[in-house]
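K.L.:
build me a structure from this.
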Amino acid sequence: MEAIVYERFGGVEVLALGQADKPRPGPGQIRVKVVAAGVNPIDYRIRNGWMQHAFPVTFPVIPGFELAGFVDELGSGVTEFAVGDEVFGHSDTGAYAEYALATHVVAKPAGLSWEQAVALPIAGETSERVLDQLELAAGETLLVHGAAGVVGSVGVQLAVARGATVIGTASADNHAFLRELGAIPLAYGPGLVERVREVAPQGIDAVYDAAGKDALPDSIELRGGTATRIVTIADANAAEHGVPFSGEAMADPVPVYEAHARLAVEGGLRVRHAETFPLAQAPKALELSEGGHVRGKLVLTP
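P.N.:
Numbering: from 1, shown residues only. Next comes the predicted model:
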């Protein structure tokens, strides 16, 4: 099968479109004929070697955690799916490929496009996990760094649904979008602490860092000098600040996938789609992702 593979850490130059053995499903797994693979910032962070503490890899690597496609083959013990079913979820073997194995997948609703479906797994599971870690409650105020990104914007929506007041940092071009999601938008960068205090004189109860751009010192200051109730999913230097890095996925994200699929079909959860690329253009998609200014989900089509 065709797949994107890299055999050393580095920039997009280490990525190559090549041939790999088609994987065979083990017990409890299915093989998916990939229709769409999600591109995420974690993909380039792992490829650069920045995330070995949380996501150690063994070369060669096929990147990609999110997939949507058709069930192609069943492993032993799998009874909830049949060959030909449309599914989406988490890839066990790397989604930047024609075929991938998966354990945690759910049926794709007919009302959900492939692009919408493949945008849900990481953003939804990550944000539910972080909000639970933060113990966010109704009536509290949450600061979200990188609020207009796919993960951040899902976090904003889920926090608003929990009854929280949400302040989100983003570039000025994305402020209208954040208002539509129910957040108070603010520009990131120098002076952020003062800007946050102006709109939240009562203080910040919790911080969700989905940006990873040196946002933790300001976050600690806004929390009164403490690193409590701050979680990052993007800053590899989190430990230096005493802030937990949340990287370990839920043991069973399937209920979250199902709930978010229902919300998306009903219009209660929005994820913007930015652009779709053929598999061979994965380096271009990852360059855009690494640039940090993509407005929506980047998708690959093997």
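
K.L.:
can we go C-alpha only for contacts and neighbour counts from here?
P.N.:
Noted.

K.L.:
could you list every helix and strand in contact with whichever strand or helix holds residue 260?
P.N.:
Using DSSP states H and E, residue 260 maps to helix 254-266. Contacting helix 254-266 under the criterion 3 or more Cα pairs under 8 Å, 6 or more residues apart in numbering; DSSP states H and E are the following elements: strand 99-107, helix 121-134.

K.L.:
quick check: residue 103 touching residue 28?
P.N.:
Yes: under the criterion of Cα atoms under 8 Å, residue 103 makes contact with residue 28 at 6.4 Å.

K.L.:
more neighbours: which of these two?
P.N.:
residue 103 (20 against 14; other Cα atoms under 10 Å).

K.L.:
now do the same contact list for the more buried one.
P.N.:
Each residue near residue 103 by Cα atoms under 8 Å, 6 or more residues apart in numbering is listed here: 28-30, 90-92.

K.L.:
check the gap between residue 44 and residue 65 for me.
P.N.:
12 Å (Cα to Cα, to the nearest Å).

K.L.:
what does residue 239 give?
P.N.:
Distance of residue 239 to residue 65, computed by Cα to Cα: 25 Å.

K.L.:
out of the two, which sits in the busier spot?
P.N.:
residue 65 (24 against 10).

K.L.:
the more buried one against residue 100, yeah?
P.N.:
No: shown here, residue 65 and residue 100 do not form a contact pair, counting by Cα under 8 Å, at 10.0 Å.

K.L.:
can you list residues touching both of the two?
P.N.:
Common neighbours of residue 65 and residue 100 (Cα under 8 Å, 6+ apart) are 91-92, 94.

K.L.:
top of those residues by number of neighbours, please.
P.N.:
Within those, neighbour counts (other Cα under 10 Å) peak at residue 91, which reaches 26 neighbours.

K.L.:
report the beta-bridge partners for that one.
P.N.:
Beta-bridge partners for residue 91, by DSSP bridges, are residue 102.

K.L.:
residue contacts, it?
P.N.:
Per Cα under 8 Å, 6+ apart, neighbours of residue 91: 64-67, 100-104.

K.L.:
among those, which one sits closest to residue 183?
P.N.:
Nearest to residue 183, judged by Cα to Cα, of these is residue 66 at 26.8 Å.

K.L.:
and that closest one, what does it touch?
P.N.:
37-39, 88-91, 95, 118-119, 121-122.

K.L.:
residue 142 now?
P.N.:
Per Cα under 8 Å, 6+ apart, neighbours of residue 142: 136, 159, 164-167, 204-208.

K.L.:
returning to that earlier point: just the contacts of residue 91 now: which is nearest residue 174?
P.N.:
When the contacts of residue 91 are compared for distance to residue 174 (Cα to Cα), residue 66 wins out at 24.9 Å.

K.L.:
so residue 157 sits against residue 269, correct?
P.N.:
Yes: applying Cα under 8 Å, one finds residue 157 in contact with residue 269, separated by 6.9 Å.

K.L.:
neighbour count: the two, which is higher?
P.N.:
Using other Cα under 10 Å as the criterion, residue 157 and residue 269 rank with residue 157 on top: 22 against 19.

K.L.:
surely the more buried one is in a helix?
P.N.:
Yes: checked against DSSP: H, G, I helix; E, B strand; the rest coil, residue 157 lies within a helix.

K.L.:
and it, what's its pLDDT?
P.N.:
Here, the pLDDT recorded for residue 157 equals 98.

K.L.:
ok, now how distant is it from residue 97?
P.N.:
Separation of residue 157 from residue 97 (Cα to Cα) stands at 31 Å.

K.L.:
ok, now residue 291?
P.N.:
Here the criterion is Cα to Cα. By it, residue 291 lies 23 Å from residue 97.

K.L.:
more neighbours, those two?
P.N.:
Between residue 291 and residue 97, counting by other Cα under 10 Å, residue 97 is the more crowded of the two (30 against 10).

K.L.:
quick one: the strands in the stretch 101-250 of the chain?
P.N.:
Taking DSSP state E, counting those that start in this stretch as the test, the strands found in the stretch 101-250 of the chain are 141-145, 165-169, 184-186, 206-209, 230-232.

K.L.:
beta-bridge partners for the residue nearest to residue 90 when sequence neighbours are not counted, please?
P.N.:
For residue 90, ignoring the flanking residues on the chain, the nearest one in space by Cα to Cα, 6 or more residues apart in numbering is residue 66 at 4.9 Å. Residue 66 has these beta-bridge partners by DSSP bridges: residue 38, residue 90.
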